Structures are given as structure tokens and as C-alpha cells.
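Participant: Here's my sequence, what's the structure:
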Amino acid sequence: MAVVGFDLGYGWTKVCYEGNCFKFPTWLAYHSNDAISELDKVVYDGREYVVGEDAKYERQKIIMSSVDEMLNYYPVFKKYALNRLGLNESDVIIVTGLPPAHKHKAEILQKQGAVVLPQGVGIYLDVQDKAGDSEVLILDIGFNTVDFIITAGGKKKRGNTLEKMGVERMVELFRNRLDIAVLKQFSLQRLMDIFEKGYATVEGERIDLNGAKLKAIEEYNEILMTRLKDEIGNVISEIETIVMAGGGAYYINHLRKSGIIIPDEPEFSQARGYARYED
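Facilitator: Next comes the predicted model:
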């Protein structure tokens with residue numbers, strides 16, 4: 001059976017199938033019955049939901065603020081992704097993952113037919129040809145968490161999850177630097193979109209926010225490095241290879257001088273690796 005790699009994240013959901021990948025914001029809302037409505041919607045368990053970018057146009061938004069909520073609405077996001085691919089669930093195997101700290105919740109997804117791997121393993125599968133069987137530190141810098149796994153000889157040796165240390169932390173630093181009240185009220189998911197673009201449109205005026213963005217990136221790098229050193233000591237300097245992926249990989253500076261692998265389009269690395277999984 002064909003495999004769909006499905007990386008469900010707080011900020012974005014990434015999907016890979018047969019070498020092609022796409023992503024959509026992990027946004028969800030109840031569909032309202034307006035006179036005109038051509039929004040991207042999914043019907044699940046008798047309810048209509050609007051998923052992805054179009055959810056911002058709806059009033060009744062559902063905020064993904066915990067792993068439990070993500071798992072609760074996993075079937076909706078999964079159906080949306082399969083609809084975009086034009087696939088039936090019965091024709092494919094869904095391979096997904098959970099942060100190491102939440103591996104005990106894998107059964108929830110397994111009961112729905114998914115193969116569940118620790119987050120970070122997908123990245124290893126994606127770069128295995130480059131990383132080989134040497135000692136490898138995999139850093140998955142996601143929206144909410146930073147997950148790390150240390151492997152040697154292709155075997156997992158140690159791994160854990162740093163909660164609230166992902167790109168979300170950087171976006172919070174960004175928000176703290178904003179002096180526009182209306183933007184401060186936005187959800188972190190919506191602010192992430194503004195952060196990536198480096199500007200916001202307020203009352204028809206485009207406002208350049210790249211200064212605040214660069215300062216937030218600088219602060220975030222310092223905070224993350226301090227936390228990593230507390231968690232894994234000298235591994236960053238001593239280990240042979242570091243693989244850095246996830247959407248946050250674009251923002252990490254000066255981790256060390258050499259021995260770093262950053263996959264092409266690192267935000268898709270996890271989903272690409274899941275799609276290469278073989279039982």
C-alpha cells in the first residue's frame with residue numbers, strides 16, 4: 001500500500017505522498033451557513049468544519065492549544081489532507097508522529113489505523129543516506145516544541161521534548177515587540193503568518209515589521225541554545241552530526257561551525273521521512 005506522511009503540527013500540517021509535499025495552517029473552525037460560502041470545508045461525524053487558510057474567515061474558530069485537542073481533531077485534518085490528494089483512507093497507510101514526551105498517547109492514533117513514530121525519526125529517515133550510521137543528534141524545531149533524538153548505528157539512544165520552546169516562543173518574543181494593539185490580540189497561529197511575511201496590513205496600510213522579527217530571532221537563538229545546553233550538555237559540540245529540521249530550522253544561527261545537515265525544505269523533512277517508512 002502507498003504511504004502518506006502526515007506531520008500534524010500546531011502551526012502547520014505537512015503532508016507528503018509519492019514525492020510531492022504540501023502544507024496548510026493547522027486552523028479549524030465550525031462552518032457557518034452564510035448565503036455565500038465557498039470555503040474549503042470537510043464533513044466529519046455529521047459536522048461541517050472549515051480547515052486551513054479559509055478558517056480565518058469563520059467566526060467560530062477552534063484553537064489548537066494542546067496535544068489532546070490536536071489528537072481530538074486529527075480525523076478532520078486527516079480527511080482534509082486526503083481530500084486534497086484525492087485519496088481514500090482505505091487505499092493508503094498514514095504514517096505520523098508524536099513528540100517523545102507524548103508517546104504514551106500513540107494508541108489514540110493507532111486505533112484509527114495510523115502508524116505512529118516518535119517525532120524526529122521521520123527526519124532521520126529523510127536524511128539517513130547523508131547521516132549514515134554515525135552518532136547523530138536530530139533537532140526538530142516545530143511550532144510548539146523542540147524535539148531531540150540522539151541515534152547511533154541507526155538506533156534511538158535518547159530523546160525528549162522541550163515544551164514551549166519551538167517557533168511559538170519566537171513569535172511570542174515578536175509579539176512583545178509590537179506596538180500595535182490590534183496585532184497583540186491575534187492568536188499565535190495568525191501572528192506566525194505575519195512573522196513569516198515580515199509585515200502586517202492594518203486599516204489598509206502595510207506596516208514593515210522586519211525589525212521586530214530580526215530582534216525576536218536573535219533573542220530566540222540565545223534562549224534555545226541555553227536550554228539545549230542544560231538538557232544535553234556538550235552533545236552539541238561533541239557529536240559527529242547534527243540534523244536540524246522543522247519549520248524553525250530557518251531561524252537558527254551559529255549552532256556550530258560544521259557537521260550540520262539541514263534538509264532541503266526542512267519543514268517537510270518529517271513528513272518526507274514518514275512517507276519513506278517501511279514496516
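
Participant: Give the pairing partners of the one helix or strand in the chain whose mean pLDDT sits lowest; include direction for each.
Facilitator: The weakest-scoring helix or strand in the chain, judged by mean pLDDT, DSSP states H and E, is strand 61-62 (a mean of 84). Here strand 61-62 has these sheet partners by DSSP bridges: strand 28-30 (antiparallel).

Participant: how about the partner strand: buried residues?
Facilitator: 28-29 (16 or more other Cβ atoms under 10 Å). All C-beta atoms are positioned from the backbone trio N, CA, C, and that covers glycine.

Participant: Which element is encountered next along the chain beyond it?
Facilitator: Counting by DSSP states H and E, the next helix or strand C-terminal to strand 28-30 is strand 41-44.

Participant: Which positions within that next one qualify as buried?
Facilitator: Result for strand 41-44 [16+ other Cβ under 10 Å]: buried residues 41-42, 44.

Participant: quick one: which of those residues is nearest to Cys16?
Facilitator: Val42 (19.8 Å; Cβ to Cβ).

Participant: Local confidence estimate at Ser237?
Facilitator: Per-residue confidence (pLDDT) for Ser237: 90.

Participant: picking up where we left off before, nearest to Asp126, of the buried residues of strand 41-44?
Facilitator: Val42 (27.9 Å).

Participant: hey, what's the closest one bridged with?
Facilitator: Tyr49.

Participant: Pull up the gap between it and Gly246, please.
Facilitator: 26 Å (Cβ to Cβ, to the nearest Å).

Participant: ok, back up a step: next one: the least confident helix or strand of the chain to chain centre, how far?
Facilitator: Strand 61-62 has its average C-alpha position 19 Å from the chain's average C-alpha position, going by Cα atoms, centre = their mean, to the nearest Å.

Participant: And for stretch 234-249?
Facilitator: Worked out by Cα atoms, centre = their mean, stretch 234-249 lies 17 Å from the chain centre.

Participant: what about it, how long is it end to end?
Facilitator: 20 Å (Cα to Cα, to the nearest Å).

Participant: Neighbours of Gly204, how many?
Facilitator: By other Cβ atoms under 10 Å, the residues close to Gly204 number 5.

Participant: from the buried residues of strand 41-44, which has minimum pLDDT?
Facilitator: Lys41 (78).

Participant: Could you pull up the residues touching it?
Facilitator: By Cβ atoms under 8 Å, 6 or more residues apart in numbering, the residues touching Lys41 are 31, 48-51, 54.

Participant: now do 7 Å
Facilitator: Lys41 makes contact with 31, 48-50, according to Cβ atoms under 7 Å, 6 or more residues apart in numbering.

Participant: picking that back up, what is the nearest of the buried residues of strand 41-44 to Glu240?
Facilitator: Nearest member of the buried residues of strand 41-44 to Glu240, counting by Cβ to Cβ, is Val42, at 44.4 Å.
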